[in-house]
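# 3D, please:
(one chain, ligands or ions: 1)
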Amino acid sequence: LKAKMTLEKDFMISEIDNRIYGSFIEHLGRAVYGGIYEPGHPEADENGFRQDVSKLITDLQVPIVRYPGGNFVSGYNWEDGVGPKENRPRKLDLAWRVTETNQFGTNEFVDWARSVNTEVMMAVNLGTRGIDEARNLLEYCNHPGGTYWSDLRKQHGWAQPHAIKTWCLGNEMDGPWQIGHKTADEYGRLALETAKVMKWVDPTIELVSCGSSNTGMPTFPQYEAASLEHTYEAVDYVSLHQYYGNRNNDTASYLAYSLDLDHFIKTIKSVCDYIKAKKRSKKTINLSFDEWNVWFHSNEADKKIEPWSIAPPQLEDVYNFEDALLVGSMLITLIKHSDRVKIACLAQLVNVIAPIMTESGGGSWKQTIYYPYLHASVYGRGIALQPVISSPKYDSRQFTDVPYLDSVAVYNPDSEEVTVFALNRSLEEAMTLECDIRSYPGFGVIEHIVLENDDLKAVNTFGKEAVKPHNNGHSAAIDGLLQASLPKHSWHVIRLG
Ligand code: AHR
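This next block holds a predicted model:
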């Protein structure tokens, strides 16, 4: 196979908002308890934050983490999670049919986020609650002092405001599984009135309006259109969620799911711009892709979880090599849409459909998907370049005209480096990539990182990393032409400078 690409420094998609490399921690399974927080664990600090897990997270340079849900937030009373721990109530979490101990809450999360150098993206409950709870929580978090809620924060031990800038107006309100599920008009009205009041409390915040839970929802994309009719002028982003799975063991189709992701993003951009035109608005709504990943491996195991247990192993997908390839391709797609996608959250971060796994009381390790996420987050900062790509294509059971090569490039003005991210989707053949880089005179290959494995189903377990990158990729840049070898089904990060 042979593919060609041209990079031209003036063909820019957009400056990338670093928040597209965000993630998500929900009160779900062992994400919090036994994941980021485990008092008594040998690696826990004085706050109970597991330092082995924090190290894996800081290496990822995660810029923002969404919290506390997810489906959980739609039944959550945030007041249960603040104040002296001995007074915090145990409650039934109806979203995940478990018992929530509330030993970890808003203030602990803010402290934890600071400790791993990330921003907080806070969600409010628009399922069982509404305007009043949202404005109180915001006053508690962001108001400096002198009022009931801000003084309560101080009394709880946090003198300085948390200064949380990004807020989600509920979660997946289109889904019948959601506590307090709403029609688009019901949600739109409530979200608008909540947004209005929240911006009165703190005009510096940014707000995310819910969209569809996935493209398969019967109300997609009318839910976005109808709810934005209400919220358009009051919010800054609309939310997108999407998970994929290789349920039929059809890897050729599976690796092409990023085409569906691309279609999803284009559709929602159009919906937003249609409402903009309808409203004769000057404002453009951006996209917050605040849940995306592979999720299917754990579906059967989850049916066997004992109801009302505490922090059971829920949604613990064990990711394989082909999952890492799809995650890489999804990251390429998000970068390609960085002109409109300003926030994105890999869902989730620890144990629950996550790049990082732990044993409660034991060790921690990197799942296969950790690596493409690490590469994009660390090397994908700067300006997304619009590559001109010519690639042979294939048809699969679910998709036609799938380019074997999936690629994008990012120019980092600080380091003066260009990084090419590339995936060879072919399951049989290696590819030669020829890339015209004459626009970057004198640039050569700094490093060529490769994630490859003969076994598409290879997984990582504690102490045994079967899937990990090496930096012995074959590539050379001579006289403005980069030539790289991309073995069959492999992920590449080619750093030029
Ligand atoms: O991330 C797991 C769940 O997926 C979230 O709680 C929900 O928002 C989505 O359906």
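
# Now Pro313, what are its backbone angles?
Backbone geometry at Pro313, expressed as degrees, to the nearest 10, gives phi -80, psi 80.

# and it, how many neighbours?
16 (other C-beta atoms under 10 Å). Quick note: C-beta positions are derived from backbone N, CA and C, even for glycine.

# cool, and the one 5 residues further on?
When neighbours are counted by other C-beta under 10 Å, Val318 registers 14.

# ok now do the nearest residue to it once chain neighbours are set aside, which residues does it touch?
Among residues not flanking Val318 along the chain, Val459 sits closest, at 5.3 Å (C-beta to C-beta, 6 or more residues apart in numbering). Going by C-beta atoms under 8 Å, 6 or more residues apart in numbering, Val459 touches Val318, Tyr319, Asn320, Phe321, Gln367, Thr368, Ala466, Val467.

# Now do the third one against the ligand, distance only.
It refers to Asn320. Distance of Asn320 to the ligand, given as C-beta to the nearest ligand atom, to the nearest Å: 19 Å.

# Enumerate the residues of the chain near the ligand.
Near the ligand, the residues belonging to the chain are Glu26, Gly69, Gly70, Asn71, Asn171, Glu172, Ser213, Glu291, Ala347, Gln348 when assessed by C-beta under 6 Å from any ligand atom.

# Spatially central residue in the protein, please.
The chain has Cys345 as the residue nearest its centroid, 1.6 Å off, counting by C-alpha atoms, centre = their mean.

# who does that one bridge with?
In this entry, Cys345 is beta-bridged to Gly22, by DSSP bridges.

# Looks like it contacts Tyr21 (just checking).
No. The criterion here is C-beta atoms under 8 Å, and Cys345 misses it with Tyr21 at 9.1 Å.

# For whatever residue of the chain ends up closest to the ligand, which non-adjacent residue is closest in space?
Relative to the ligand, the nearest point of the chain is Gly70 (3.0 Å; C-beta to the nearest ligand atom). In space, and not counting its chain neighbours, Gly70 is closest to Glu26: 3.5 Å by C-beta to C-beta, 6+ apart.

# same question, Asp317
His297 (4.1 Å).

# Tell me who's in contact with the one you found.
Residues near His297 by C-beta under 8 Å, 6+ apart: Gly245, Asp317, Val318, Tyr319.

# you'd agree the third one is up against Ile369?
In this case it means Val318. No. With contacts counted by C-beta under 8 Å, Val318 stays clear of Ile369, the gap being 10.6 Å.

# Can you list phi and psi of the residue nearest to Asp317 for me?
phi -60, psi -30.

# OK, contacts around the residue nearest to Gly70?
Contacts of Glu26 were listed using C-beta under 8 Å, 6+ apart, and they are Tyr67, Pro68, Gly69, Gly70, Asn71, Phe72, Val73, Ala347, Gln348, Val352.

# can I assume the first one is in contact with Ala123?
Right, the one you point to is Tyr67. Yes. Tyr67 lies in contact with Ala123 (C-beta under 8 Å); the separation is 7.0 Å.

# hmm, back to that, so what pLDDT did the residue nearest to Val318 get?
We note a pLDDT of 98 for Val459 in this prediction.

# Could you measure from it over to Pro392?
Distance, Val459 to Pro392, by C-beta to C-beta, to the nearest Å: 30 Å.

# Likewise for His492?
Distance, His492 to Pro392, by C-beta to C-beta: 17 Å.

# The two: which has the busier surroundings?
Shown here are His492 and Pro392; by other C-beta under 10 Å, His492 has more neighbours (26 against 14).

# Need the contact partners of the helix or strand in which that one is found.
Element membership for His492 (DSSP states H and E) is strand 490-496. Counting contacts by C-beta under 8 Å, 6+ apart, the residues outside strand 490-496 that touch it are 324-325, 328, 371-372, 375, 379, 417-424, 437, 440, 443-452, 469, 473, 475, 477, 482, 484, 486.

# Give the partner strands of that strand in its sheet and their orientations.
Strand 490-496 has the following strand partners under DSSP bridges: strand 417-424 (antiparallel), strand 445-452 (antiparallel).

# Please, where are all the helices along the stretch 51-200 of the chain?
Remark: helices assigned in the stretch 51-200 of the chain by DSSP state H, counting those that start in this stretch are 51-60, 106-115, 131-142, 148-155, 184-201.

# what distance separates the second one from the middle of the whole chain?
If you compare the mean C-alpha spot of helix 106-115 with that of the full chain, they lie 19 Å apart, counting by C-alpha atoms, centre = their mean, to the nearest Å.

# Repeat that for the last one.
Between the mean C-alpha location of helix 184-201 and the chain-wide mean there is a distance of 24 Å, by C-alpha atoms, centre = their mean.
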